[in-house]
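Engineer: Any chance you could fold what I've pasted below:
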Amino acid sequence: MTADAPDDDRTSFADLGLRPELLRALSGLGYEEPTPIQREAIAPLVEGRDLLGQAATGTGKTAAFALPVLERMGDGGRTDTEPFALVLVPTRELAVQVSEAVHRYGRELGARVLPIYGGQPIGRQLRVLEQGVDVVVATPGRAVDHLNRGTLKLDKLQIVVLDEADEMLDMGFAEDLDAILAEAPEDRQTVLFSATMPPRIDRLARRHLTDPVRITIGREQTEPGEAPRVRQSAYVVPRAHKPAALGRVLDVEAPTAAIVFCRTRDEVDQLTETLNGRGYRAESLHGGISQEQRDRVMARLRNGTADLLVATDVAARGLDVEQLTHVVNYNVPSAPESYVHRIGRVGRAGREGVAITLAEPREHGMLKTIERVTKQRIQMEKVPTVADLRARRLELTRAALHESLLEDDLEGFRVVVETLADEFDVVEIALAAVKLAHEATGAAADEEEIPEFVPRDRDRRGAPLGGERRERRPRRPTAGMTRLFVGAGRSAGIRPQDIVGAIAGEARLNGREIGAIEIADRFSLVEVPDNAAQQVITALRGATIKGRKVTVRRERDDNR
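Structural biologist: As a prediction, the model looks like this:
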């Protein structure tokens with residue numbers, strides 16, 4: 001049977017038949033109503049049915065299986081030393097998170113919960129198992145280790161839960177799962193949750209589940225006109241420019257905390273070094289670091305002393321960072337399932353999140369495959385230009401000054417302003433102060449534009465099937481702007497700031513009024529307001545840029 005999530009906002013946890021102790025625990029934790037996966041899963045699980053559930057990370061799966069486990073366990077006070085339920089999870093972090101959740105829900109019931117995983121001293125695990133435990137939350141490898149030692153006995157096991165089953169299979173735990181389930185009683189209840197349902201999950205379910213209830217919970221749909229909970233965007237960037245492109249995107253996005261996914265350990269280490277060089281507080285996470293180092297990295301991310309985690313997929317599995325706002329795919333994931341797992345780490349519990357993908361031109365087609373499989377739109381964006389970055393950094397400076405004017409005690413600095421006011425205009429003093437404040441942030445803009453990717457379409461439907469790296473002007477100027485041709489480019493040492501300086505100095509145009517600038521080898525293009533275009537052309541006619549006179553005119557189609 002397949003259960004569809006009803007649009008029933010009136011369902012409460014009390015309607016699901018949970019005991020008063022659990023309802024009080026949920027109320028104390030601020031849970032007001034069940035999520036769709038909880039509405040659909042709790043009742044059949046309380047009845048003892050096997051269940052196969054598909055739901056994205058962050059939809060409330062832990063409570064969906066933990067509450068029925070506690071409900072079925074009874075009123076507490078079990079004297080059996082052998083566990084009533086076994087929950088298998090892919091990573092140490094998830095084992096700790098699930099264990100803490102079960103403990104919080106079952107506090108009034110006196111539930112005895114134990115997480116067991118690698119990297120933790122086994123002595124404590126042995127002692128607690130010997131004293132008796134109700135719920136064991138384990139990684140497959142450590143569970144098999146205890147089974148072989150004879151310290152984990154499953155004779156009286158009533159429930160087995162496989163959480164994030166697809167990730168456990170991806171990590172190579174298929175044989176361990178079969179071995180564990182072979183040791184469990186045949187009449188047990190088996191629950192399997194997975195974010196994706198590839199064929200190997202279906203095969204696992206057919207081997208180990210009996211007449212399961214099937215539940216599929218898609219991502220929550222937004223009302224027309226509302227923004228999606230996870231904003232998904234992608235930038236197509238040549239490989240050589242990816243570090244710079246990532247830095248610019250992060251500068252503009254300004255994440256509270258972000259995970260950047262890379263393919264290899266070397267790429268993680270190199271990118272971490274690059275980002276730290278740009279002023280970010282980045283930490284690396286991959287299979288080459290010890291558990292002790294891993295714990296320190298996660299502590300720094302959670303307490304805010306680090307804001308970027310650069311990680312491989314395997315190292316980041318099972319992580320749950322509450323303040324995470326952005327997920328970045330430094331490369332396009334090799335499978336849509338990986339993409340689903342990654343972006344599921346943001347946009348949880350009603351919070352908005354951002355998923356960003358940097359694709360090389362040859363990976364552009366894979367983005368369309370991911371869109372087709374996930375049935376979600378990935379918005380193609382243009383990498384921020386030097387002008388975009390300059391405007392963003394000036395806006396951050398303005399915001400910091402605004403906050404200081406509202407919050408700080410500035411009286412002690414009045415004498416400086418009053419002394420300078422005898423010699424300079426107050427506005428000029430303010431401009432100098434803003435310049436110093438802006439430069440103190442280290443906000444030096446990148447000097448070189450990043451080439452724009454141009455897709456090649458092979459059919460009239462506009463399906464992008466590849467592309468090439470080349471510099472090109474935007475198809476149309478920004479609304480209200482005129483694009484000017486400047487007859488000097490990169491080969492003459494021209495930089496965006498040279499053009500801005502010439503226009504601002506000769507045409508008396510404010511630097512913030514100047515739009516996008518593109519520097520090619522032999523010429524440059526710059527956008528200026530329509531009503532100032534002729535003024536700029538006239539002013540620059542006799543001027544020099546980098547010591548040479550240049551042609552300045554309105555852009556024509558034959559510029560190339």
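
Engineer: all strands of the stretch 251-400 of the chain, in order?
Structural biologist: 258-262, 282-285, 308-312, 326-329, 353-359, 379-380 (DSSP state E, counting those that start in this stretch).

Engineer: same question but for the stretch 401-550 of the chain, I mixed them up
Structural biologist: For the stretch 401-550 of the chain, applying DSSP E, counting those that start in this stretch gives strands covering 453-457, 464-469, 481-486, 517-519, 524-529, 544-545, 548-549.

Engineer: Comparing those strands, which yields the minimum mean pLDDT?
Structural biologist: Per-stretch mean pLDDT for these is lowest at strand 464-469 (a mean of 40).

Engineer: distance of residue 125 from residue 149?
Structural biologist: 10 Å (CB to CB, to the nearest Å). Every residue, glycine included, has its C-beta placed from N, CA and C.

Engineer: Hmm, residue 323 is touching residue 256, no?
Structural biologist: Yes: here residue 323 reaches residue 256: they are 5.5 Å apart, a contact under CB atoms under 8 Å.

Engineer: Tell me which of these two has more neighbours.
Structural biologist: Set side by side, residue 323 and residue 256 show more neighbours around residue 323, with 13 against 10, by other CB atoms under 10 Å.

Engineer: I'd like the distance between that one and residue 402.
Structural biologist: Applying CB to CB to residue 323 and residue 402 gives a distance of 24 Å.

Engineer: I'd say residue 336 and residue 369 touch.
Structural biologist: Yes: using CB under 8 Å, residue 336 is in contact with residue 369, at 6.7 Å.

Engineer: Show me which of the two is the more surrounded one.
Structural biologist: Set side by side, residue 336 and residue 369 show more neighbours around residue 336, with 17 against 13, by other CB under 10 Å.

Engineer: got a pLDDT number for that one?
Structural biologist: pLDDT, read off for residue 336, is 78.

Engineer: Nearest spatial neighbour of it, chain-adjacent residues omitted?
Structural biologist: residue 373 (3.9 Å; CB to CB, 6 or more residues apart in numbering).

Engineer: give me the number of residues near that neighbour?
Structural biologist: 14.

Engineer: contacting residues around residue 72?
Structural biologist: With contact taken as CB atoms under 8 Å, 6 or more residues apart in numbering, residue 72 is in contact with 45, 46, 48, 158, 159.

Engineer: What distance do you get for it to residue 89?
Structural biologist: Residue 72 is 20 Å from residue 89, by CB to CB.

Engineer: now swap in residue 383 and tell me
Structural biologist: 38 Å.

Engineer: if you count what's nearby, which of those two comes out ahead?
Structural biologist: Taking other CB under 10 Å, residue 383 and residue 89 do not tie; residue 89 has more neighbours (28 against 23).

Engineer: residue ranges of the helices in the stretch 401-550 of the chain, please?
Structural biologist: Here the stretch 401-550 of the chain has its helices, by DSSP state H, counting those that start in this stretch, at 414-421, 426-440, 496-506, 533-540.

Engineer: List the buried residues of the last one.
Structural biologist: Spelled out, it's helix 533-540. Counting neighbours by 16 or more other CB atoms under 10 Å, one finds that the buried residues in helix 533-540 are 533, 535, 536, 537, 539, 540.

Engineer: need the contact list for the fifth one.
Structural biologist: Taking CB under 8 Å, 6+ apart as the contact definition, residue 539 lies against 503, 506, 507, 508.

Engineer: Can you list the buried residues in stretch 33-53?
Structural biologist: Buried residues in stretch 33-53 (16+ other CB under 10 Å): 34-46, 49-53.

Engineer: Report the separation between the two terminal residues of that stretch.
Structural biologist: End-to-end distance for stretch 33-53: 20 Å, by CA to CA, to the nearest Å.

Engineer: contacts for that stretch?
Structural biologist: 3, 5-6, 8-9, 11-13, 16-18, 55, 59-61, 63-65, 67-69, 71-72, 189-194, 205, 209-217, 220.

Engineer: change it to 6 Å
Structural biologist: Residues outside stretch 33-53 that contact it (CB atoms under 6 Å, 6 or more residues apart in numbering) are 3, 5, 11-13, 16, 55, 59-61, 63-64, 67-68, 71, 189-193, 205, 209-210, 212-215, 217.

Engineer: taking those residues one by one, which sit in strands?
Structural biologist: Among the contacts of stretch 33-53, DSSP state E puts 3, 55, 189, 190, 191, 192, 193, 213, 214, 215, 217 in strands.

Engineer: would a markdown table of these with distance to residue 427 and pLDDT be doable?
Structural biologist: Supplementary listing: those in a markdown table, determined by distance: CB to CB, whole Å; pLDDT from 0 to 100:
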| residue | distance to residue 427 | pLDDT |
| --- | --- | --- |
| 3 | 67 | 44 |
| 55 | 58 | 79 |
| 189 | 75 | 96 |
| 190 | 74 | 96 |
| 191 | 69 | 96 |
| 192 | 68 | 96 |
| 193 | 63 | 93 |
| 213 | 71 | 94 |
| 214 | 69 | 94 |
| 215 | 65 | 92 |
| 217 | 59 | 80 |
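
Engineer: can I get those in TSV with distance to residue 27 and neighbour count?
Structural biologist: Formatted as TSV, the ones in strands among the contacts of stretch 33-53 follow (distance: CB to CB, whole Å; neighbours: other CB atoms under 10 Å):
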residue	distance to residue 27	neighbour count
3	26	19
55	24	25
189	27	22
190	30	19
191	25	29
192	29	24
193	25	24
213	27	20
214	31	15
215	25	23
217	24	23
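
Engineer: Residue 362: which of the residues you listed is nearest?
Structural biologist: Nearest to residue 362 among these: residue 55, at 33.3 Å, using CB to CB.

Engineer: Tell me if I'm right that the closest one and residue 214 touch.
Structural biologist: No: between residue 55 and residue 214 there is no contact under CB atoms under 6 Å: 11.8 Å.

Engineer: just for the stretch 1-150 of the chain, where's the confidence low?
Structural biologist: Scanning the stretch 1-150 of the chain for pLDDT under 70 picks out 1-10, 56-58, 75-77.

Engineer: For it, just list every one of the strands.
Structural biologist: Using DSSP E, counting those that start in this stretch, strands in the stretch 1-150 of the chain cover 2-3, 51-55, 85-88, 113-116, 135-138.

Engineer: so which of the helices of the stretch 401-550 of the chain comes closest to residue 283?
Structural biologist: Distance to residue 283, taken as CB to CB, is lowest for helix 426-440 among these, at 25.4 Å.

Engineer: Okay, angle between the closest one and helix 414-421 too, please.
Structural biologist: Interaxial angle of helix 426-440 relative to helix 414-421 (axes from the mean of the first three to the mean of the last three CA atoms, to 10 degrees): 120 degrees.

Engineer: what is the rounded mean pLDDT of helix 426-440?
Structural biologist: Helix 426-440 comes out at a mean pLDDT of 80.

Engineer: Send over that helix as CSV, restricted to the C-alpha atoms.
Structural biologist: Listed next in CSV are the C-alpha coordinates belonging to helix 426-440 (Å, rounded to 0.1, in the frame of the first residue of the first chain):
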residue,chain,number,x,y,z
VAL,A,426,32.3,68.0,6.5
VAL,A,427,31.3,65.9,3.5
GLU,A,428,34.9,65.5,2.4
ILE,A,429,35.8,64.4,5.9
ALA,A,430,33.0,61.8,5.8
LEU,A,431,34.2,60.6,2.4
ALA,A,432,37.8,60.1,3.7
ALA,A,433,36.4,58.3,6.8
VAL,A,434,34.3,56.0,4.6
LYS,A,435,37.3,55.3,2.4
LEU,A,436,39.4,54.2,5.3
ALA,A,437,36.6,52.1,6.8
HIS,A,438,36.1,50.4,3.4
GLU,A,439,39.8,49.7,2.9
ALA,A,440,40.1,48.4,6.5
